[in-house]
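Asks: Show me how the following folds:
(chains A and B)
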2 protein chains.
Amino acid sequence: MTDVALIEQLKALVEPGKVLTDADSLNAYGKDWTKHFAPAPLAIVFPKTIEQVQAIVRWANEQKVALVPSGGRTGLSAAAVAANGEVVVAFDYMNQVLSFNEFDRTAVCQPGVVTKQLQLFAEEKGLYYPVDFASAGSSQIGGNIGTNAGGIKVIRYGMTRNWVAGLKVVTGKGDLLELNKDLIKNATGYDLRQLFIGAEGTLGFVVEATMRLDRAPQNLTAMVLGAADFDSIMPVLHAFQNKLDLTAFEFFSDKALAKIMGRGDVPAPFETECPFYALLEFEATTEEVAEAALATFEQCVEQGWVLDGVMSQSEQQLQNLWKLREYISETISHWTPYKNDISVTVANVPAFLHDIDAIVGEHYPDFEIVWFGHIGDGNLHLNILKPENLSKDEFFAKCATVNKWVFEIVQKYNGSISAEHGVGMTKRDYLTYSRSEAEIAYMKAIKAAFDPNGIMNPGKIFAL
Amino acid sequence: MTDVALIEQLKALVEPGKVLTDADSLNAYGKDWTKHFAPAPLAIVFPKTIEQVQAIVRWANEQKVALVPSGGRTGLSAAAVAANGEVVVAFDYMNQVLSFNEFDRTAVCQPGVVTKQLQLFAEEKGLYYPVDFASAGSSQIGGNIGTNAGGIKVIRYGMTRNWVAGLKVVTGKGDLLELNKDLIKNATGYDLRQLFIGAEGTLGFVVEATMRLDRAPQNLTAMVLGAADFDSIMPVLHAFQNKLDLTAFEFFSDKALAKIMGRGDVPAPFETECPFYALLEFEATTEEVAEAALATFEQCVEQGWVLDGVMSQSEQQLQNLWKLREYISETISHWTPYKNDISVTVANVPAFLHDIDAIVGEHYPDFEIVWFGHIGDGNLHLNILKPENLSKDEFFAKCATVNKWVFEIVQKYNGSISAEHGVGMTKRDYLTYSRSEAEIAYMKAIKAAFDPNGIMNPGKIFAL
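Replies: Numbering: from 1, shown residues only, chains lettered A, B, ... in the order given. Alright, predicted model coming up:
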């Protein structure tokens, strides 16, 4: 069938005007925040109902057309890229919070609900949606579920997985499944809901999600501590975790701080210069909690782990301290960084970081490494800035070598080649560094059970 | 091959003396706490290493011998029953906590570690393993994972699923998989770990589990409140959840309390007689928290929801209040109860309970219904006591009709036919009341991928 005929068929499945094929739309909806693949979708379709999604999937099976899910397209693994004539299924018109259950503290969301929209909805109800990250203003719940999004509060609240009470999905075969029905306890066989979380749209589409909400945190208070060296950050984490329920424990290096200071719009935390900084946060529900935090800080200074520190005394100070961490990614984007998002167990973090510093420093002494990340979760964001004298092509050619070293070190420490960004297309060729061949074979068997014709986001996680 | 020859082959796979075929062993290891099926295993085998488990699974595939996993055999769904000449694989000799990681707060457990053993191990480290239930003294971690065990602290800590950082499993095909490698963040495709949690041993054996531990709770304090009627318990739950982080919210009826009082060894909570009681627990970390609890109690009294109440002032009082709830199951076992373990969303609990009361009361007015359970999780334990004038056979024949009504009402409220006890053999014929035919077909496809010869605990979850 010709492309024109396919598009005519597709138009018959949705409301008038809900299939786009103009160049701007193809370009915009055919890619995420990665830039390695040129978008080339056949069309963009905007379903408004679950029935329309089912009709699209059934049609795609008949015509053997590949489908790519599109949420906020803020992904960093090219999982939402359509580079091979796929039909992009965009959930922009399925973007409502459909209902709220006050006793279960749940909200039923269409997949196109924006993360921030759910956060604000929860706030209106006096509650809290705790999954939060830089792209919360444009990422969508469907996409968050597809990548099991993490972010800056995982140490306390866990990943998106923890907040999904129930899912409605349309599988690659076109079946509508109601998974877990929003129950807390449900011991009736395999929890298929869990398979769709983090599946990057390769098994089917999330068409409705019941998300749990939590009580709102009280009097969030942050500390920024300057550490004597990286290894000192670990006992500091340990000391604070033994005293407080932390809501965050982030870190960044002096090089990251220098870039933030260079902006001129964020106040320095304190004057003492340190090689590494920790940002931790907790609920100062009572005076005693704040006192326990200060006592732990003093203990860390006495041990020589911490050289200086500051604790927020107001909402404004809290926000300013968070800017030191949250502005890093945007600020360093000016230097065309090589980026990698990796994880190991918390105990393995120092050795892992030293190994990578050593091998990169040995081979490329002119490379500036900027470390930051969610150290309380073992999740490090490695960033290497392009030296001015190197062209982009030269730099990324050298980074391809770095990539291999990084993944070999990930494998050595039994870590993950993708902590929270997913596999998509950017990491699929490296999957064996984290998952065994046997595991991958079982994953492919599961994929075949839900999507026998291979129409659901083909080429993502696994090669075509 | 003859049974004798099979047993000889099996003996060659493990250490001397680690295959038992005497009648006492077959009888003891061939069943769990259910009594509907007569145990009839071929033999009991006790592997001591992962390699031995793999050898047993490979041999079972070659000889087409069915395998049944055996943990503490405290299950209530006959998932660990061997009634058809299976080989029982018992993990009694793989019962060590192998290592502890203080920075990740994890303990690597062999599958035969008893729940209580892990709880005590955590305590020694100044930490806490929060999954707790009546059979913690004999249930094993492998079995807890197989049923995704819940218990009395789920409202705060979730099910066993939340505490599994990593799993080593031997699949039905004999592959050893290392799932998730104890990472907090790992976005590398389908999380196969989740499939094995709650799979009741139908996909493979859990041969090692890394369990997360939490900080120890501080100054646990319980309240028992007498409610004016069942519907009043819901706003009470709501009021307390808005003020406190509850570690438990349980309920029981006046009939349950009467049975406990009849024992003579548990003090009454207070004199006022109420139709229903709530037991809630929280960490009274500061004076303010206890004051907030008392203020909320007073507010509930003013609203007419609560008629009387008591708050524990000591560890002894805390334990005495918990006995009111924890002794129920054992106490009523004297009356040969029909039992059912079901769940709905929290908001649906009152209507669900009224519907069941109404239909049972209408048809069997002489049946005494004893309700208790984990109401904060929507999980109700329905118990009907056998009237003295009915024989066991007559009673259970009538209860078969009750069963059908209960599951129809579960379906009406979109609930679960098994909240935490699993499907096993006792509920497999009712699975369609909670899971659609399409879902069950996908489950069977997954089963076929991991266990193509159907040797892993056949007849559990699904009919043979």
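Asks: Would you mind finding the longest helix in chain A?
Replies: Longest helix of chain A, by residue count under DSSP state H: helix A:392-412.
Asks: Going toward the C-terminus from that one, what's the next helix or strand?
Replies: helix A:437-450 (DSSP states H and E).
Asks: Residues contacting that next one, please?
Replies: A:171-173, A:195, A:202-204, A:431-432, A:435, A:454, A:456, A:461-462, B:171, B:175-177, B:179, B:189-190, B:192, B:442, B:445-446, B:449-450 (Cβ atoms under 8 Å, 6 or more residues apart in numbering or on different chains). All C-beta atoms are positioned from the backbone trio N, CA, C, and that covers glycine.
Asks: Tell me where the stretch 101-250 of chain A has helices.
Replies: A:115-124, A:141-147, A:154-157, A:192-196, A:230-243 (DSSP state H, counting those that start in this stretch).
Asks: so what secondary structure elements neighbour the fourth one?
Replies: For helix A:192-196, the packing partners by 3 or more Cβ pairs under 8 Å, 6 or more residues apart in numbering or on different chains; DSSP states H and E come out as strand A:164-171, strand A:176-179, helix B:192-196, helix B:437-450.
Asks: again, but for the second one
Replies: Secondary structure elements in contact with helix A:141-147, counted by 3+ Cβ pairs under 8 Å, 6+ apart, are strand A:67-70, helix A:115-124, strand A:204-212.
Asks: I'd like the average pLDDT over the helix or strand that comes right after the shortest one.
Replies: This points to strand A:67-70. Note on strand A:67-70: by DSSP H and E, the next helix or strand toward the C-terminus is strand A:87-90. For strand A:87-90, the mean pLDDT works out to 98.
Asks: thinking again about what came up before, the helices and strands packed on helix A:192-196: which one's closest to B:Ala351?
Replies: strand A:164-171 (18.8 Å; Cβ to Cβ).
Asks: Can you check what angle separates that closest one from helix B:437-450?
Replies: Counting by axes from the mean of the first three to the mean of the last three Cα atoms, to 10 degrees, strand A:164-171 lies at 90 degrees to helix B:437-450.
Asks: does any part of strand A:164-171 sit near chain B?
Replies: Yes. Using Cβ under 8 Å from any Cβ of the partner chain, strand A:164-171 reaches chain B at A:Thr171.
Asks: Restricting to C-alpha, output that strand in PDB.
Replies: The C-alpha coordinates for strand A:164-171 follow below in PDB (Å, rounded to 0.1, in the frame of the first residue of the first chain):
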ATOM      1  CA  VAL A 164       1.600   3.400  39.800                       C
ATOM      2  CA  ALA A 165      -1.400   1.900  41.500                       C
ATOM      3  CA  GLY A 166      -3.000   0.600  38.300                       C
ATOM      4  CA  LEU A 167      -2.500   0.800  34.500                       C
ATOM      5  CA  LYS A 168      -4.700   0.400  31.500                       C
ATOM      6  CA  VAL A 169      -2.600  -0.600  28.500                       C
ATOM      7  CA  VAL A 170      -3.300  -1.500  24.900                       C
ATOM      8  CA  THR A 171      -0.800  -4.300  24.100                       C
END
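Asks: For it, name the packing helices and strands.
Replies: Using 3+ Cβ pairs under 8 Å, 6+ apart, strand A:164-171 is in contact with helix A:50-63, strand A:176-179, helix A:192-196, strand A:204-212.
Asks: In the longest helix of chain A, which residues are buried?
Replies: A:Phe395, A:Phe396, A:Lys398, A:Cys399, A:Val402, A:Asn403, A:Val406, A:Phe407, A:Ile409, A:Val410 (16 or more other Cβ atoms under 10 Å in any protein chain shown).
Asks: Skipping adjacent residues, who's closest to the fifth one in space?
Replies: Right, A:Val402. The shortest distance from A:Val402 to any non-neighbouring residue, by Cβ to Cβ, 6 or more residues apart in numbering or on different chains, is to A:Val360 (6.1 Å).
Asks: Which phi and psi values does the one you found adopt?
Replies: phi -70, psi -40 (degrees, to the nearest 10).
Asks: can you pull the pLDDT of the closest residue to chain B within the stretch 101-250 of chain A?
Replies: Closest residue of the stretch 101-250 of chain A to chain B, Cβ to the nearest Cβ: A:Gln194 (3.5 Å). At A:Gln194, the model reports a pLDDT of 98.
Asks: Could you check the pLDDT of the residue of the stretch 201-350 of chain A found nearest chain B?
Replies: Residue nearest to chain B within the stretch 201-350 of chain A (Cβ to the nearest Cβ): A:Ala347, separated by 4.0 Å. With respect to pLDDT, A:Ala347 scores 96.
Asks: how about it, secondary structure?
Replies: What DSSP: H, G, I helix; E, B strand; the rest coil gives for A:Ala347 is helix.
Asks: Tell me who's in contact with it.
Replies: A:Met234, B:Asn101, B:Glu102, B:Phe103, B:Asp104.
Asks: excluding its backbone neighbours, what's nearest it?
Replies: Nearest non-adjacent residue to A:Ala347 (Cβ to Cβ, 6+ apart): B:Phe103, at 4.0 Å.
Asks: can you check A:Leu192 too?
Replies: Using Cβ to Cβ, 6+ apart, the nearest residue to A:Leu192 is A:Leu179, at 5.2 Å.
Asks: follow-up on the earlier one: now a PyMOL select for only the buried ones of the contacts of helix A:437-450.
Replies: Per 16+ other Cβ under 10 Å, the buried members of the contacts of helix A:437-450 correspond to this PyMOL selection:
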select buried, (chain A and resi 171+172+173+195+202+203+204+431+435+454+456+461+462) or (chain B and resi 171+175+176+177+179+189+190+192+442+446+449+450)
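Asks: how does chain A divide into domains?
Replies: Using automatic domain parsing, the domains assigned to chain A come out as A:3-90, A:97-215, A:220-329, A:336-422.
Asks: for those, which one sits closest to B:Ala38?
Replies: Of all these, domain A:97-215 sits nearest to B:Ala38, with 24.5 Å by Cβ to Cβ.
Asks: what about the closest one, how long is it end to end?
Replies: Using Cα to Cα, to the nearest Å, one end of domain A:97-215 lies 19 Å from the other.
Asks: Near A:Trp305, how many other residues are there?
Replies: 21 (other Cβ atoms under 10 Å in any protein chain shown).
Asks: How about it: what's its closest non-neighbour residue?
Replies: Nearest to A:Trp305 is A:Ser232, by Cβ to Cβ, 6+ apart, at 3.8 Å.
Asks: That neighbour against A:Ala278, yeah?
Replies: No. Checked against Cβ atoms under 8 Å, the pair A:Ser232 and A:Ala278 is beyond contact range at 9.2 Å.
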